[in-house]
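Asker: Quick one: sequence and predicted model below, then my questions.
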Amino acid sequence: MRRGWWGLGLVVVLGACGDDSGPAADAQDALAQDTLAPTDTVVVDTFVLDTLAVDTLESDTVEPADTIEPEDTAAADTIEPADTVEADTIAPEDTLASEDTTAADTLTSDDTVAPTDTVAPTDTSEPTGVNVLAQGSFEVWSDGLPVGWVGTTTNLASDAIIEETTLAHDGLRAARLVNTASGHKRFSSAPLTLAAGAYTCSYWVRGDGEIRNARYTTDYSSYSGYTTASADAWREVVYSFNVAAGAPALELIFSLHNTSAPGLVLDDVRCVRAAALCDTVTCEGWQQCRPDTGACVTAPGSCAATADCASWEVCGGDHRCALAPGACDDFDDCALDEVCDATHTCVVGDRCAGVTCAEWQACDPVDALCKTAPGRCNTLAECQGADPVCDRTSHTCVAIDAPANVIPNGGFEAWSDVSLGGAATYLLPDAWYGLADGGAYFPETEISPSNVRQYTTSTHGGTYALQLVQTGVADRFTTERFTIQPAVTYACAYWVRGHGTHRQRAYCGQWAPDTDFTANDSDTWQQVRFELSGSSSSCVLVLYASNTVADRDHLQFDDVACIRK
């Protein structure tokens, strides 16, 4: 027999209490001797906190018998911040009658039912209404797994989720779940998008082991208490929870441990939403239904009349509060030489008054924000021409070969004749055309030296630029090793023009992520920005060119720079 109370759904833990005498002990002894019948039902009892006004509630602590088994603290489950079960102890006069020999699953504080969501005394364990789980009876399987299940929080191995075709509780199939370890594993539904309201779930379980429930949205809820199944008798378990308006999709979690080798058989999972006053009420678009009365009221952010708005606003025909004529909310509603005062009136004033900026910044009177002052910089994008590098120490634009740039000869101004170990010599940019030097692995240049050319027709800065001719698939063109600070991020950029595709990558102790090839067909210099970091102090930058076309002199690169962020 189950006792139910109206109102806020706190859950009474049936089991060990602090006092080992009296009605509670009698109920516990009866429970210990009970052999579950095939139709045994576990019901989550709820009650209104106010109805216990004459009772003295113990401090909100967990009795030793109500704690979660030590094995539930396994390291694999540390992603769940609160794998605990909270329970209010009940004074002796509040215990269930001795004939209620079925242990109740414990719901934690976040499983409460809103004050207006009452449970009628005649409420049965079996929920009625539309089941929000399309495959609650596990009748459809695909690739060895039940359709509509195995959500993102499932960490029970696939081979421990077994299609059961013998003695299902509903239909022809059920799900057999196996976890013989003491640490719990999760089996969850696919994400469910649910309407706001109070939900009651029931399910049937048989076999040997322990099972409990929780939910996952953007975080884990607390877990209910474990229910112990035994032998082959089906046992019903009930789990209730609330869904707030606008809540994210939810996964229903079944947590199990200490099963026998055959495991637990789960079937006939039903979750239904309790009927609410607002279910049959239709309100205007600017209204919402009040769940405790079923009345239509003005929704937040809307208005029925100007009296619902601030003193400087009026209620418009769209039932939204808008500025009254001549009023303002901030200086954006005023002229450039005006500010919005405390009375929401535009008056002449300096928007930058009281704004303090860094030495290299200036206050912008349009929005009163600190921005880079003229002639100063904070990023590579703010520097071009003869001074394409931003020195973040002085916040000034400096030449390409300034110490702030960790890329040597980034402007391709220095070139030398190089033999590369053969009779022929090639004019190549200094500190580029990196080759293996016998040390630790670093990528080396693959492109033919005859396809690396000094370019003077049009440069982004200085006298020379780099031209790469690669009419086929891409080959590497790398710098020699340069030095960075490990674990520090660098902001980088280079300029490119011509006709072909290109990309860049870095190797600083390990490869940086691949970047996509970008097609280029223009005589205008365009800047490409990226970031560089690594675990090693030695680094190389790799440029790739492919499918270049002679109509725009193939591809040209200039002013390659990396500065510390």
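Answerer: Thanks, I have the structure now.

Asker: So for Leu435, what's the nearest residue that isn't a sequence neighbour?
Answerer: Glu444 (4.8 Å; C-beta to C-beta, 6 or more residues apart in numbering). For every residue, glycine as well, the C-beta is placed using N, CA and C.

Asker: Secondary structure element for that neighbour, which one?
Answerer: Using DSSP states H and E, Glu444 sits in no helix or strand.

Asker: mind checking how far it is from Tyr490?
Answerer: Separation of Glu444 from Tyr490 (C-beta to C-beta, to the nearest Å): 22 Å.

Asker: And the pLDDT for Met1?
Answerer: Listed pLDDT for Met1 reads 35.

Asker: What of Asn405?
Answerer: 97.

Asker: before we move on, back to that, burial check on the residue nearest to Leu435, number of neighbours?
Answerer: 15 (other C-beta atoms under 10 Å).

Asker: residues contacting it?
Answerer: Shown in contact with Glu444 (C-beta atoms under 8 Å, 6 or more residues apart in numbering): 434-436, 476, 478.

Asker: Report the buried members of the residues you listed.
Answerer: Buried by 16 or more other C-beta atoms under 10 Å: 434, 476, 478, out of the contacts of Glu444.

Asker: for those residues, which one is nearest His257?
Answerer: Arg476 (53.2 Å; C-beta to C-beta).

Asker: Kindly provide the distance from that closest one to Cys289.
Answerer: Distance of Arg476 to Cys289, computed by C-beta to C-beta: 65 Å.

Asker: Spit out the contact partners of the nearest residue to Pro408 once chain neighbours are set aside.
Answerer: Leaving aside its sequence neighbours, Pro408 sits nearest to Ala431 (C-beta to C-beta, 6+ apart; 3.8 Å). Counting by C-beta under 8 Å, 6+ apart, Ala431 makes contact with 408-409, 414, 479-480, 482.

Asker: out of those, what pair is the most spread apart?
Answerer: Going by C-beta to C-beta, the pair spanning the contacts of Ala431 furthest: Ala414 and Phe482, at 14.3 Å.

Asker: between those two, which one's more packed in?
Answerer: Phe482 (20 against 13).

Asker: Dig out what the more buried one forms beta bridges with.
Answerer: Following DSSP bridges, Phe482 is listed with bridge partners Cys539.

Asker: State the pLDDT value of it.
Answerer: 95.

Asker: That one and Val540 touch, don't they?
Answerer: Yes: at 7.4 Å, Phe482 counts as touching Val540 under the criterion of C-beta atoms under 8 Å.

Asker: all strands of the stretch 401-550 of the chain, in order?
Answerer: Along the stretch 401-550 of the chain, counting by DSSP state E, counting those that start in this stretch, strands occupy 415-418, 426-429, 452-455, 465-468, 475-478, 482-483, 490-507, 518-532, 538-546.

Asker: list the buried ones in the first one?
Answerer: Spelled out, that is strand 415-418. 415, 418.

Asker: Flag the shaky bits of the stretch 1-150 of the chain, pLDDT-wise.
Answerer: 1-128 (pLDDT under 70).

Asker: sorry, back to before: need the buried ones among the contacts of Glu444 in CSV (columns: pLDDT).
Answerer: Below are the buried ones among the contacts of Glu444 laid out as CSV (pLDDT from 0 to 100):
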residue, pLDDT
Gly434, 93
Arg476, 95
Thr478, 96
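
Asker: Include distance to Cys340 when you put those residues into a markdown table, please.
Answerer: Converted to a markdown table, the buried ones among the contacts of Glu444 look like this (distance: C-beta to C-beta, whole Å):
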| residue | distance to Cys340 |
| --- | --- |
| Gly434 | 59 |
| Arg476 | 58 |
| Thr478 | 57 |
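
Asker: Just give me the closest of the residues you listed to Tyr199.
Answerer: For the buried ones among the contacts of Glu444, the closest approach to Tyr199 (C-beta to C-beta) belongs to Arg476, at 58.6 Å.

Asker: Contact partners for that closest one?
Answerer: For Arg476, the contact set (C-beta under 8 Å, 6+ apart) comprises 443-447, 542-544.

Asker: Can you select the buried ones among the residues you listed for me in PyMOL?
Answerer: Selection of buried members from the contacts of Arg476 for PyMOL, criterion 16+ other C-beta under 10 Å:
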select buried, resi 445+447+542+543+544
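
Asker: Format the contacts of Arg476 as JSON lines; extra columns: distance to His554 and pLDDT.
Answerer: Output for the contacts of Arg476, formatted as JSON lines (distance: C-beta to C-beta, whole Å; pLDDT from 0 to 100):
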{"residue": "Pro443", "distance to His554": "22", "pLDDT": "89"}
{"residue": "Glu444", "distance to His554": "22", "pLDDT": "92"}
{"residue": "Thr445", "distance to His554": "17", "pLDDT": "94"}
{"residue": "Glu446", "distance to His554": "17", "pLDDT": "95"}
{"residue": "Ile447", "distance to His554": "12", "pLDDT": "96"}
{"residue": "Val542", "distance to His554": "18", "pLDDT": "96"}
{"residue": "Leu543", "distance to His554": "13", "pLDDT": "97"}
{"residue": "Tyr544", "distance to His554": "13", "pLDDT": "96"}
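
Asker: All good on my end, thank you.
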